[in-house]
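Enquirer: The following comprises the amino acid sequence and a computationally predicted model.
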Amino acid sequence: MASGLSHQGEPVWAHSANRAGDWHPLADHLSEVASLAASFADAFGAAELAGLGGILHDVGKFSPLFQDYLRRCEAAEREGKPTPKTVPHSIHGALQAKQAGCQPLSFVISGHHGGVPDRSELKKRLANPPADDLRVGQLAAANLGEQLQDALRPAAMPEWPRDPLGCEVLIRMVFSALVDADWLDTERHFDPERARKRKAPSRPDQLWALFEEDQKWLMAGASANGETLVNRVRREVYEASLRAAEGVQGVYRLTVPTGGGKTRSGMAFALRHAIKHRLDRVIFAIPYTSIIDQTADVYRGIFGGENVVEHHSAIELPLDPSEAQAEAELRRQLAAESWDASVVVTTTVQLFESLFSNKPSRCRKLHNIARSVIVLDEVQTLPVHLVGPTLSMLNELVSNYSVTVVLCTATQPAFAGESAYLEGLLCEPFEIVSRPERYFQQLKRVEYELPREEWTWEQVATEMRKHEQVLAVVNSRGDALALLDALDDATALHLSGLLCAAHRREVLAEVRGRLQKGEQCRLVSTQVVEAGVDIDFPAVFRAIGPLDRIVQVAGRCNREGARGGSGIIVVFRPREGAMPRGAYRAGTEEAANLLYTRRWDIHDPGIFNEYFRRLWMDCNTDSKSIQAERRRFNYVEVAGRFEMIEGNTVAIVVSYGEPGPRPILDRIRRRGHALGEDWRGLQSYTVNLYRQEFDHLGRAGLIEEVTDGIHAWVGGYDPLRGITKDLRDPTDLIA
């Protein structure tokens, strides 16, 4: 053993021996975590606060009880016995922070293993200190000496948290800095080889050179094929984005019709803006897991895989609320993502549920959101019942964490300003493209038809058969299966959340191939094709739904405008089928009112201001009172209430393709736990089930628990329908 801090002649350790047989000295760990946490929090002016957290977070390990626990852990691992019961240690540092007059840091230290507690729970913990607290404090003082005394001077709280919500977010960010620092230093001890593989991400200016070169190649190809209206509009939008990127930090709005090139222009703005303001990264958030792979593949092709982090929300690393220090547990925790990359492609679910989470595994990355450009693609899909807390969080990031936000969509929600129905963005967003309404008229490539009578699935199928190439979008997975049955077409294709991402990618490739060759292609889908999926049908049928969803599907019809004439979009009202509850249903009713009663022109972008204004009136934009819980510093309660996809779902791994996920699952079974690359590799092979369905199918023997948090489907998987056995229609899990 290497020498470390000591009491009664015995060395004091942070962690037990690694594979090389080396133990981790506590002094080294505290010092390194303090330094790392301070460097992370320096991005938002809280370096001193985070550094104090680093010094204090593990002082409880001075306890002789904890040191004995580490020795027993080593013996148990050597002898192949179960890990001994843990000895809690985080409360000691939380008490030290309280005594130093830094109550916010008590939240951070108390929760750095199990999660940030609610205020009432923290008070209870602090009011009942462990029996050895005094002795631990004496040992810490004796061993750390001046280092501890320097740290315990009143930590400088940043001046800008002037209200409870500001302080609540600061605690989250300092928590993130501490957790990431703690896990990185622990990783260096247990897995030095992996730690050595980490490297600093490329700078935005380096990525810009790659992006600019790719853009020149794209423009040259477009010119060679002749100038089209669509290409001209895309070029103008791109150039406007470069000009706007020179502006001040804040909130921007990129309003472009579907097919207008907003995804590429949004990245161009973000990179140039990051260079202008010396920001660290671009976070591109997408509403659906079904298209995140497509976008990530594009950016990897431009920037290289080492510069792009793709982070789904399909599989989340489970976190044991105990403070067990067994090596397997630590390795499992270390598999979490920290978003330490120049370009992060993620989902809005992953982004915002992390920002409102209290768990270390999800919060570890938060400090890397500071000093970034966040591009919210298809921003109109933010859940209405969470719009209030979501905009509040964005206001805080923009005001105090050097974040610029880009609201990217063809159907801009009315987010700016405050009203009786919505506490919106604090400032009016800057328009990246001036007078965007002119492009809506120029790129008018479809005509809408709105039959007044309700249609059965048989009628929809009959109308679809009149077209060789046609897309039908319905409101739920069950509706998609019902329409497939009515269509009774052996060549028909299907897309929904019943298919894993790898399967959906193959279906989309088949769709694109048929469309390009002029072959018959009838596709039945849920809303997974509405946002960002690059397919181009001459005719589309859309079940009545929220107005923004109807308009988004126009981007899948006559997308390039090269077919001649206009594409056809038929908005029909199903006689049967399901309708998701809540805001989706309210949006559908408002859309029906505007389209069937008031006969408003869908091509007029002014319709969206009216639509969203009415939607905010109809729906509670903070229906779970999350803002009130945030002001009370109830982190556990907030995390439980902030669900972007309501319904308590569980991801299961399906066996699809060759070799599919089988080699990964076999490695996990042999090893007994999953590594980071395993979790990432499985994400493309998951399907979400409601907890009730998951439990039912598990009892039927159709689900195998491979390891903690990873479950494999052992039932059938249909090449057209995906998972269908014994499932009720999850109408609210609409993707």
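Expert: In hand now; what should we look at?

Enquirer: Quick check, Ile550 in contact with Ala591.
Expert: Yes. Between Ile550 and Ala591 there is a contact under CB atoms under 8 Å: 6.3 Å. Quick note: C-beta positions are derived from backbone N, CA and C, even for glycine.

Enquirer: who touches both of the two?
Expert: Counting by CB atoms under 8 Å, 6 or more residues apart in numbering, the contacts common to Ile550 and Ala591 are Ile544.

Enquirer: what does stretch 651-660 rub up against?
Expert: Stretch 651-660 has contacts (CB under 8 Å, 6+ apart) with 314-316, 500, 502-503, 506, 661-662, 665, 682, 685-689, 694, 703, 706, 710-713, 717, 722-723.

Enquirer: who's in contact with the lengthiest strand in the chain?
Expert: If you go by DSSP state E, the chain has its longest strand at strand 567-574. If you take CB under 8 Å, 6+ apart as the criterion, strand 567-574 is touched by 445-451, 453-457, 460, 463, 474-475, 479, 537-544, 550, 553-554, 557-558, 592, 595.

Enquirer: In helices, which of those residues fall?
Expert: The helices, defined by DSSP state H, take in Trp457, Val460, Glu463, Asp479, Ile550, Val553, Ala592 from the contacts of strand 567-574.

Enquirer: Just the closest of those to Val237, please.
Expert: Val237 lies nearest to Val553 out of these, by CB to CB, at 20.8 Å.

Enquirer: Give the full set of residues in contact with the closest one.
Expert: Neighbouring residues of Val553 by CB under 8 Å, 6+ apart: Leu471, Val473, Val529, Glu530, Val540, Arg542, Ile569.

Enquirer: what do you get if the cut-off is 10 Å, keeping everything else the same?
Expert: Residues near Val553 by CB atoms under 10 Å, 6 or more residues apart in numbering: 258, 446, 471-473, 525, 527, 529-531, 537, 540-542, 545, 569, 571.

Enquirer: re the thing from before, tabulate the ones in helices among the contacts of strand 567-574 (JSON lines), appending distance to Cys408.
Expert: Listed next are the ones in helices among the contacts of strand 567-574 as JSON lines, based on distance: CB to CB, whole Å:
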{"residue": "Trp457", "distance to Cys408": "34"}
{"residue": "Val460", "distance to Cys408": "32"}
{"residue": "Glu463", "distance to Cys408": "33"}
{"residue": "Asp479", "distance to Cys408": "29"}
{"residue": "Ile550", "distance to Cys408": "19"}
{"residue": "Val553", "distance to Cys408": "17"}
{"residue": "Ala592", "distance to Cys408": "27"}
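
Enquirer: From Thr255, how far out is Gln692?
Expert: Using CB to CB, to the nearest Å, Gln692 is found at 41 Å from Thr255.

Enquirer: what does Ala586 give?
Expert: Ala586 is 23 Å from Thr255, where distance means CB to CB.

Enquirer: between these two, who's got more neighbours?
Expert: Between Ala586 and Thr255, counting by other CB atoms under 10 Å, Thr255 is the more crowded of the two (24 against 17).

Enquirer: need the contact list for the more buried one.
Expert: 237, 262, 407-412, 429, 431-433, 435-437, 439-440, 605, 608.

Enquirer: Okay, and which of those residues map to strands?
Expert: Leu407, Cys408, Thr409, Glu431.

Enquirer: Surely the third one touches Arg253?
Expert: This means Thr409. Yes. Using CB atoms under 10 Å, Thr409 is in contact with Arg253, at 8.7 Å.

Enquirer: between these two, what contacts are shared?
Expert: Common contact partners of Thr409 and Arg253 (CB under 10 Å, 6+ apart): Val379.

Enquirer: Which pLDDT value does the model give the closest residue to Ala274 other than its chain neighbours?
Expert: Of all residues not flanking Ala274 in the chain, Pro204 sits nearest, at 4.0 Å (CB to CB, 6 or more residues apart in numbering). On the pLDDT scale, Pro204 is placed at 92.

Enquirer: Kindly report the same for Ala222.
Expert: Ala222 carries a pLDDT value of 64.

Enquirer: One more: Ser39?
Expert: For Ser39, the model assigns a pLDDT of 96.

Enquirer: you'd agree it is in a strand?
Expert: No. Per DSSP: H, G, I helix; E, B strand; the rest coil, Ser39 lies outside any strand segment and is helix.

Enquirer: Quick check: the gap between it and Ala47.
Expert: Ser39 is 7 Å from Ala47, by CB to CB.

Enquirer: same question, Gly478
Expert: Distance of Gly478 to Ala47, given as CB to CB: 53 Å.

Enquirer: can you check Phe284 too?
Expert: 28 Å.

Enquirer: just Glu146 next, same as before
Expert: Counting by CB to CB, the separation of Glu146 from Ala47 is 19 Å.

Enquirer: and those two? which has more neighbours close in?
Expert: Using other CB under 10 Å as the criterion, Glu146 and Ala47 rank with Ala47 on top: 20 against 7.

Enquirer: dump the residue contacts of the closest residue to that one other than its chain neighbours.
Expert: Leaving aside its chain neighbours, Ala47 sits nearest to Ala38 (4.2 Å; criterion: CB to CB, 6+ apart). Ala38 makes contacts with 46-55, 177-178, 181, as judged by CB under 10 Å, 6+ apart.

Enquirer: Out of those, the closest to Glu306 would be?
Expert: Ala181 (22.9 Å).

Enquirer: can you count the residues close to the closest one?
Expert: By the criterion of other CB under 10 Å, Ala181 has 28 neighbours.

Enquirer: how about it, secondary structure?
Expert: Strictly by three-state DSSP, Ala181 counts as helix.

Enquirer: I'd say it and Gly54 touch.
Expert: Yes. Contact criterion CB under 10 Å: Ala181 and Gly54 qualify, at 6.0 Å.

Enquirer: how about the closest residue to Phe541 other than its chain neighbours, phi and psi?
Expert: Distances taken as CB to CB, 6+ apart place Ala472 nearest to Phe541, at 4.3 Å, with adjacent residues excluded. For Ala472, the backbone dihedrals (degrees, to the nearest 10) come out as phi -120, psi 130.

Enquirer: Ala472 bridge partners, please.
Expert: Note on Ala472: beta-bridge partners by DSSP bridges are Val524, Phe541.
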